[in-house]
Each structure stands twice: as C-alpha cells, then as structure tokens.
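Participant: this is a predicted model, with the sequence first.
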Number of protein chains: 4
Amino acid sequence: MEDKDRPSDVFPDALEFVALRNLYESAVKQIALKFEILDSEFSILYDRNPIHHIESRVKSAESIIAKLVKRGQPLTVEAAMSSVNDIAGVRVVCHYIDDVYRVAEMFRRQKDVEILKVQDYIKTPNYNGYRSLHLDIRVPVYLSDRTEYVCAEIQIRTIAMDFWASLEHDIRYKADKSNLPAGINEEMFACADKIAEIDAQMQDMYKRIKESEKAK
Amino acid sequence: MEDKDRPSDVFPDALEFVALRNLYESAVKQIALKFEILDSEFSILYDRNPIHHIESRVKSAESIIAKLVKRGQPLTVEAAMSSVNDIAGVRVVCHYIDDVYRVAEMFRRQKDVEILKVQDYIKTPNYNGYRSLHLDIRVPVYLSDRTEYVCAEIQIRTIAMDFWASLEHDIRYKADKSNLPAGINEEMFACADKIAEIDAQMQDMYKRIKESEKAK
Amino acid sequence: MEDKDRPSDVFPDALEFVALRNLYESAVKQIALKFEILDSEFSILYDRNPIHHIESRVKSAESIIAKLVKRGQPLTVEAAMSSVNDIAGVRVVCHYIDDVYRVAEMFRRQKDVEILKVQDYIKTPNYNGYRSLHLDIRVPVYLSDRTEYVCAEIQIRTIAMDFWASLEHDIRYKADKSNLPAGINEEMFACADKIAEIDAQMQDMYKRIKESEKAK
Amino acid sequence: MEDKDRPSDVFPDALEFVALRNLYESAVKQIALKFEILDSEFSILYDRNPIHHIESRVKSAESIIAKLVKRGQPLTVEAAMSSVNDIAGVRVVCHYIDDVYRVAEMFRRQKDVEILKVQDYIKTPNYNGYRSLHLDIRVPVYLSDRTEYVCAEIQIRTIAMDFWASLEHDIRYKADKSNLPAGINEEMFACADKIAEIDAQMQDMYKRIKESEKAK
C-alpha cells in the first residue's frame, strides 16, 4: 500500500545514488544468505547452529554523500565506490570463539568470495580492548545486464564480544568526548579482558561436556 | 547495525509526530495479527486459508503534516488524530468473494474491535467500478502507561478486485488527469464488471467442486 | 527456544535426506533472492515493481521418499536427485504479462544461471487452459567445502493466471476425480480464456496510461 | 506452494490438538507483538531499544501428547491446558539488567495482561546460578466466536544471562548426566557469578556515560 501524500524525494537528482545503495543492499542480502546457508549446513553436520544472529546495514544515500562532502570528494558514484569503504557491512554473531573461526573458514573457502583483507582483532585486540574478526571481501552481484563486484566488510564475533562492542559504540560515537567519565577507557579495557576470559571458559566447558558425551 | 554518518532528522521538533506514527504502526501490526490469527483459525476449521495476503501502511510524518498544511489545520497531534482519517490502513486480500464476507464477519465479532462504519463497495460498486469492503474501526493499543483507542481503515477484497484496483490507483493518483487516454474510465468500468463476473464464476466452480467431494 | 519434549525424528536414519533437503532449500532461497534483487533493480529503473510476490517450496523428505517408493527407485540421495525433478520450486507472480517475460529475460541473462528447458504455457496454454512460463534451471549453491549444481523449476505467471491456477490445483489433486461436477473442465478452460482477455486488456490500458504521461 | 506428495498427517485424529497449538501460537504471537510495541515505545522515549531480541516457542502436538502420556493423563485438550503449563513460552532478551525490570514493569501495567506468578531468579538465582525474571501470565486471545484466556511463561533476561543459559540448557537436557565432567556444576555456578558482575559493571558504565552527556 503506497502513501499517496508522500512528498517528493529529498535528493531528486540522486537516482544514481539510489541505484548504488540498491547494489550494496543486494550484496548485503546475498552475503547474509551465504552465512544463513553455511549455518544450516553446519547445523546438519554438528547438530547445532554456530551463528546466533546476523545483522546488516547499508549506509543511506545521505550518509554516503555526507561522507564525500566531509572528505572533499566529488559527489559521484565512482568516488563513493572507491573512497567510502564501509558502505556495506554484515555482522555475524556466533555463540563461541571457535564458531567465529569455523564460520570464517567455511565462508572463505567459497569459490565466489574474494578475500581482500583479514584483520584478527581477537588474537590482537584493538588498543581499547575491541575484539572481532574482520574480513574485507568482494562478491559478485548478478544484475539483469551485468555482474558487479561489490566490496563489503564482514565482522564476525561472539555474543559476549558483541555485547561489549555495543557499549564501546556508545562511547566512540559520543558527540563530545571531553566529558567522558574519568577512567572509563581503562575500565572498558579491563572489562573486555574479563569478557574474553568468560568466553574462553564457556568454550572450554562446552567442549568438555561434548567430549563427555562421546566418551560414554 | 547503526549508520553512524546518518544526518540528524528532517523534523527535529517532530518527536510527537514520531510517537503518533509509532502508535498507529502499533495499531496496524495488531490489526494485521488479528487477521493472521483468524486466517489460521479458519484454516484449521475448513482446511484452507481464506486470506491470500495482508498489506498495511501508516502515513509518514511528512505526509500527515503535508495533509494538515493542505487543509489549513494546526500542525498538532490532536488535529492529525481528529482530521486525518486515513493515517492507518490495513488491506486484506482474500481468494473468493465469500471469504471477504466471512473474514469480515469473524473480525467484526471480536469483542475488542469497535466498528465505526461499513461501506460495501462490492454490493454497490463505486462510480468507476471500484469494489471492496471497507470497515472503519477502532482498536485498543496497550501502551506502557495507558490504553489508546486508535482508528484505522480496513479494506477487504478479492485478488481479482485487488488487481483491478492497482491500475485504478495509477489513474487516480496521476498528477495530470487532463491527458488520460480517451475512454479509459469507461473501459476501466467495463473491465471491473468482467472481473466481477469471473470472481463469481470462480467462486461458483469452487463451491461445486467442494460439494462434489462431500456428495461422494 | 527449543522444545525439549520433542520426540526423536521420524526418519532417524535419513540424515542424508535432511542434508539433501537443506541443499535444495539453500538453492530455493538463492533463487528467490535473485528475483527480489531483479525486482528492486527494475523498480529503480522503471519506478514500479514487476513482481507481486514470490513463493517457494521444497518437497519434504517424506514426500521425496514416497515418490521414490511409488516409482520403485532405491531410497538414495542419488536416485532422488536424478529422478525426482520437482524437489525445488519457485513461483514468481507478476502484475502484467509483459512483466512475466521481462523478469524471465532478466533472470535468463544472469551468468550463473543455466537454463535447461523453457516451456511457454502462456503462448501455448495447456489442454485445460493452464497458463504460466516454466523455466527448468540449474544454479550453483556454494557450500563450505564444495559447489553443488542444483536443479529447480521456476513458474512465472500473472496474478490473474495464479488465481486461476489455485482452483485448477484443487481440481487436479482431488483424490477422486470420478465425481467432478459435470462440465467443470470445459468451464475452467473457458474461464482461463476470459482471464487471459482481461490480462491483455489491463496490460493494454496500463501501457496507454503510461504513454499518455510521457506524451504530455 | 503446496507439496502435493506430502503423506497424510502423523496424528490424523489429533485435529483438536492442532487447534490447541494454534490457540497457543496465536497467544505467543500476540505476546511477542506486545513486547515489540513496548520496545518501540521505549525507543521513542529514551532513544534506544531495551530489547535485543525476542524468541518464542509452542510445544508440538507430539510433545504435548508425550508429556500427557508420561504423566498418565488422558490425551485430551482439557488435560493439556490444565496440566502442561509450559505449552507456550516467550523469551525476551534485553541489553542491561535495568532493561529487564523496566520492560517487565511496562508489560505488567498493561490492562489486558493478567500476572499469575512472578519468580525473580535474578535477585535470587537458582541453585546452579541460573538468572532470569519469570512471569507466568494469562492473556485474552480473540477468536472468531469467543475469547480464550491462555497461559504462557515469559522469561526476561540479559544477553549475558542468555548466553550462560544456553550452555546450562545443554547440560540440563543431556540424556545421561552420570558422566558430566567433574566439577562442571561448580564451574557453571562460578561462571554465572562472573557474568553477573560483568552485567552490573557494564550497566554501571552505561549509566555514567549517559549521565556525563547530560552533565554537559
């Protein structure tokens, strides 16, 4: 059902940005579906789902344009595709740390996925304690008259890492950082370490429980 | 996943309109769920689903404001609630004509639904041939600290009527009606009649097939 | 949330059939997503969606096994993949007849889709009046350790054809055909013709309305 | 799209159990929608969503029957409704501990929700460290010809509690508990405590960050 009173679009001349977003949204849906398929393949082999949930986002046309303006780039699709590298993002939240690496490995092996860069912020956490496995990738998107190769950033992490990251996000994108509570960064770092310990312990208990089943 | 570059909202002072839309969206979700529940109740009793699909829409804050401006009304939530009567709409598309009336009857009997007005554009089609059963209703929406009673328009129609209406919609909301193809209104009217005949015939064949099963 | 009282599976030894279904379900999701992506690409180019809705289904393991038993085939995955050719089906329901062909054309042009067979039951309706464009296709499904090429049947049709087909389906899969109402097949055939006329007329009116807009 | 080869149902005479499950599924959908509506109401007032995700389940007809058999109860709908008290369950997973109580409070205040029992396993954790706020409730389900009052169990907890509970679930429903790893229960209990500490610390940091924003 359409809304017949909707005023005309904010960027009437931005049709090519609409098409650009559509391309990235198509990519993001395909990538999310790839992980869903891997998750159900895994669940048949090992009788449980490694993935807790999947989120995805594509920057709005306004945001892409805002970023180009901020960088003094021309407002073109080409500039957006080459210089705004976080247009498309997919976040895969897994139960255990091992799941993060297994799911990443399953994904990387796929013939139509090109891996551009891997950053393992789990083995080497960020300065503030941030943990996550990042893959910069490129996938084909099949359109009606051509195949486009689209870049996207994949973040794979555990539920516990994701919980921590949601608070870190609140801090990082706070408008004014001058009045952050004293010592909050150190506290966040320490908290990330404690969460990592719990992740390791839960993983370890899970394994011992599974092994005890087989030992029987 | 949030988009951290998203510019601030178009109507920064329109928080109360955001809350208004949220209220109507809540109403629309509840109404749609009511029909889904009736559909599955029906399917257990009669072994088929009367409803083909359900659509719903809530006017955007911009559209509500545009309508208030057009009517010279004050830009307040109260004015919107009292004078913009198509803020929330739910369309229920059924397979057969009998389903339209059965589903409407099931819905009307519900204790928490208040029927404000019934317009039967199937028995008495509109001047241009438009057919649909319209119910203006009011339902309670349970919020955290109060219960709001919200109006909405329900359109119940067959698939065939819905197909016709999609073309009629293109004509009705055409910016410039001066250059409509000659005779298009008459042709649409005649087409609506033919579609109604087919609806009646399909309904009749369906009944005879079902009766032949029981006759056995 | 799991249901801890669920009894063990009906086919405890049918794990390979579960994996088989999973493969076809993955294929079906990928195919449906391909059409969704084409639909949104189209909507950006032409400002409207050609596809009304998409349905899909995968035969249950029980159904696949039942079919193999009926045909005296061995109950193996290989036999299922080679002899049960309707395991996976995707139905794409479009607004107008032209949309059927445009969407099919957009889909066929995609590099990773292999077209095995095309049957145009719109140009040459079936004996009983059935209309639909059928494509037998094969698509790659990327798994963790290999790429499988999976067959599926695509049915593309208009809303009006789909409405007719739902009644025809009731007749075709009726347990006992001996007591069908007299003359029902002829009546269905005549009805299919009338529906095809309306489809053509609606398509024609739609085109004239769009042309009148441009003519301005 | 139906599957025409699907064999007839496992419990051909269990139509009333199908209707029973449908009733509970309707209840569960309504309850989940209530929480979605509260979540979006909250997000407008406080600019963030307290709820991370909602899960729900209804016991299968097979499970309900299995439970009745195990208890030596008659296989009737009445026996099921009165003696199987976990037929319907909704789990609401929140970000922070305060959210658990706020969401519960918003829900409890709703006029059409009857609270039967509250068990606060956060204030008083279970023997093994399990934490969650449980509400046994009753809600009206509006059917076509009557209103049924249906019981359901609501579990409200944080993401961190939910993570812990998923492992505890693996242990609790393990077929054979004789060979659980030595000391696993004590370790789980200790882990639940550590997770509770982190929940409290994250909650505390979140509050201080928000207050520092206002202090400005």
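Facilitator: Cool, got the structure. Residues are numbered from 1 along each chain as shown, chains lettered A, B, ... in the order given.

Participant: surely residue A:56 is in a helix?
Facilitator: No - using DSSP: H, G, I helix; E, B strand; the rest coil, the secondary structure at residue A:56 is strand, not a helix.

Participant: would you check that it makes contact with residue A:32?
Facilitator: Yes - with contact defined as C-beta atoms under 8 Å, residue A:56 and residue A:32 form a contacting pair (5.3 Å). To be clear about C-beta, it is placed using only N, CA and C from the backbone, and glycine gets the same treatment.

Participant: so the two - more neighbours on which side?
Facilitator: Each of residue A:56 and residue A:32 has its neighbours counted (other C-beta atoms under 10 Å in any protein chain shown); residue A:56 has more, 20 against 17.

Participant: for beta bridges, what are the partners of that one?
Facilitator: According to DSSP bridges, the partner residues bridging residue A:56 are residue A:90.

Participant: what's around residue A:162, how many residues?
Facilitator: For residue A:162, the neighbour count with other C-beta under 10 Å is 22.

Participant: contacting residues for it?
Facilitator: Taking C-beta atoms under 8 Å, 6 or more residues apart in numbering or on different chains, we find residue A:162 in contact with A:91, A:93, D:159.

Participant: need the per-residue pLDDT for it.
Facilitator: Each residue has a pLDDT score; the one for residue A:162 is 96.

Participant: that one: which element?
Facilitator: helix A:159-172 (DSSP states H and E).

Participant: any residue of whatever helix or strand comes next after that helix up close to chain D?
Facilitator: Of the helices and strands lying after helix A:159-172 in sequence (DSSP H and E), the nearest is helix A:184-215. Yes - Helix A:184-215 lies within reach of chain D by C-beta under 8 Å from any C-beta of the partner chain, at A:184, A:187-188, A:191, A:194-195, A:197-198, A:201-202, A:205-206, A:208-209, A:211-213, A:215.

Participant: how about residues contacting the one helix or strand residue A:138 maps to?
Facilitator: If you go by DSSP H and E, residue A:138 is part of strand A:133-142. Residues from elsewhere that reach strand A:133-142, judged by C-beta under 8 Å, 6+ apart: A:23, A:26-27, A:30-31, A:34, A:85, A:100-101, A:104, A:107-108, A:112-122, A:147-157, C:34, C:37, C:110-113.

Participant: which of those fall in helices?
Facilitator: Members of these lying in helices (criterion: DSSP state H): A:23, A:26-27, A:30-31, A:34, A:100-101, A:104, A:107-108, C:34, C:37.

Participant: quick one: mean pLDDT for stretch A:81-101?
Facilitator: Taken as a whole, stretch A:81-101 has a mean pLDDT of 93.

Participant: hey, C-alpha coordinates of that stretch in PDB?
Facilitator: Output of stretch A:81-101 as PDB, limited to C-alpha atoms (Å, rounded to 0.1, in the frame of the first residue of the first chain):
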ATOM      1  CA  MET A  81      32.600   3.200  -4.600                       C
ATOM      2  CA  SER A  82      36.400   3.900  -4.400                       C
ATOM      3  CA  SER A  83      36.700   6.000  -1.300                       C
ATOM      4  CA  VAL A  84      33.800   5.200   1.100                       C
ATOM      5  CA  ASN A  85      34.800   1.700   2.100                       C
ATOM      6  CA  ASP A  86      32.200   1.000   4.700                       C
ATOM      7  CA  ILE A  87      29.100   1.400   2.600                       C
ATOM      8  CA  ALA A  88      28.100  -2.200   3.200                       C
ATOM      9  CA  GLY A  89      28.500  -4.200   6.400                       C
ATOM     10  CA  VAL A  90      27.500  -7.600   7.600                       C
ATOM     11  CA  ARG A  91      27.900  -8.600  11.300                       C
ATOM     12  CA  VAL A  92      27.800 -12.300  12.100                       C
ATOM     13  CA  VAL A  93      27.400 -13.000  15.800                       C
ATOM     14  CA  CYS A  94      28.400 -16.500  16.900                       C
ATOM     15  CA  HIS A  95      28.000 -18.500  20.100                       C
ATOM     16  CA  TYR A  96      31.600 -19.500  20.800                       C
ATOM     17  CA  ILE A  97      35.000 -18.300  19.800                       C
ATOM     18  CA  ASP A  98      35.700 -21.500  17.800                       C
ATOM     19  CA  ASP A  99      32.500 -20.800  15.900                       C
ATOM     20  CA  VAL A 100      33.900 -17.500  14.800                       C
ATOM     21  CA  TYR A 101      36.900 -19.100  13.100                       C
END
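
Participant: bridged to the closest residue to residue A:111 other than its chain neighbours, which residues?
Facilitator: Among residues not flanking residue A:111 along the chain, residue C:147 sits closest, at 5.6 Å (C-beta to C-beta, 6 or more residues apart in numbering or on different chains). Counting by DSSP bridges, residue C:147 is bridged to residue C:142.

Participant: now do the contacts for residue C:147.
Facilitator: Counted by C-beta under 8 Å, 6+ apart, residue C:147 has contacts A:110-111, C:140-141.

Participant: now the common contact residues for residue A:56 and residue A:32.
Facilitator: Common neighbours of residue A:56 and residue A:32 (C-beta under 8 Å, 6+ apart) are residue A:90.

Participant: just to revisit the earlier point, angle of the strand holding residue A:138 against helix A:159-172?
Facilitator: Relative orientation of strand A:133-142 and helix A:159-172, computed by axes from the mean of the first three to the mean of the last three C-alpha atoms, to 10 degrees: 90 degrees.

Participant: show me the contacts for the residue most central in space within chain A.
Facilitator: What sits nearest the mean C-alpha location of chain A, by C-alpha atoms, centre = their mean, is residue A:91, with 2.8 Å. Residues in contact with residue A:91 (C-beta under 8 Å, 6+ apart) are A:54-56, A:154-157, A:162, B:1.

Participant: circling back to that earlier point, give the buried residues for the helix holding residue A:162.
Facilitator: For helix A:159-172, a neighbour-count test (16 or more other C-beta atoms under 10 Å in any protein chain shown) marks A:159-168, A:171 as buried.

Participant: same deal with stretch A:59-68?
Facilitator: A:59, A:61-68.

Participant: returning to that earlier point: what's the closest of the contacts of residue A:162 to chain C?
Facilitator: Closest approach between the contacts of residue A:162 and chain C, by C-beta to the nearest C-beta: residue D:159, at 15.3 Å.

Participant: now the closest one. Nearest residue, chain neighbours left out?
Facilitator: The shortest distance from residue D:159 to any residue other than its chain neighbours is 5.0 Å, reached at residue A:163 (C-beta to C-beta, 6+ apart).

Participant: do I have it right that the one you found meets residue D:161?
Facilitator: No - counting by C-beta under 8 Å, residue A:163 stays clear of residue D:161, with 10.9 Å between them.

Participant: per-residue pLDDT, residue A:121?
Facilitator: Residue A:121 is assigned a predicted lDDT (pLDDT) of 98.

Participant: that older thread, need the contacts of residue A:91 in TSV with distance to residue C:74, can you?
Facilitator: What follows is the contacts of residue A:91, written out as TSV (distance: C-beta to C-beta, whole Å):
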residue	distance to residue C:74
A:54	38
A:55	44
A:56	43
A:154	42
A:155	46
A:156	41
A:157	45
A:162	47
B:1	48
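
Participant: quick one: which of these is most hemmed in?
Facilitator: Neighbour max across the contacts of residue A:91 (other C-beta under 10 Å) = residue A:154, 26 neighbours.

Participant: hey, C-alpha coordinates of stretch A:52-65 in PDB?
Facilitator: Extracted in PDB, the C-alpha atoms of stretch A:52-65 (Å, rounded to 0.1, in the frame of the first residue of the first chain):
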ATOM      1  CA  HIS A  52      23.300 -16.600  16.900                       C
ATOM      2  CA  HIS A  53      22.200 -13.900  14.600                       C
ATOM      3  CA  ILE A  54      23.200 -11.800  11.600                       C
ATOM      4  CA  GLU A  55      22.800  -8.000  11.200                       C
ATOM      5  CA  SER A  56      23.500  -5.900   8.200                       C
ATOM      6  CA  ARG A  57      23.400  -2.400   7.100                       C
ATOM      7  CA  VAL A  58      24.000  -0.200   4.100                       C
ATOM      8  CA  LYS A  59      24.800   3.500   4.500                       C
ATOM      9  CA  SER A  60      22.000   5.800   3.500                       C
ATOM     10  CA  ALA A  61      22.400   7.900   0.400                       C
ATOM     11  CA  GLU A  62      22.500  10.900   2.700                       C
ATOM     12  CA  SER A  63      25.300   9.400   4.700                       C
ATOM     13  CA  ILE A  64      27.400   8.500   1.700                       C
ATOM     14  CA  ILE A  65      27.000  12.000   0.400                       C
END
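
Participant: right, I'll call it a day here.
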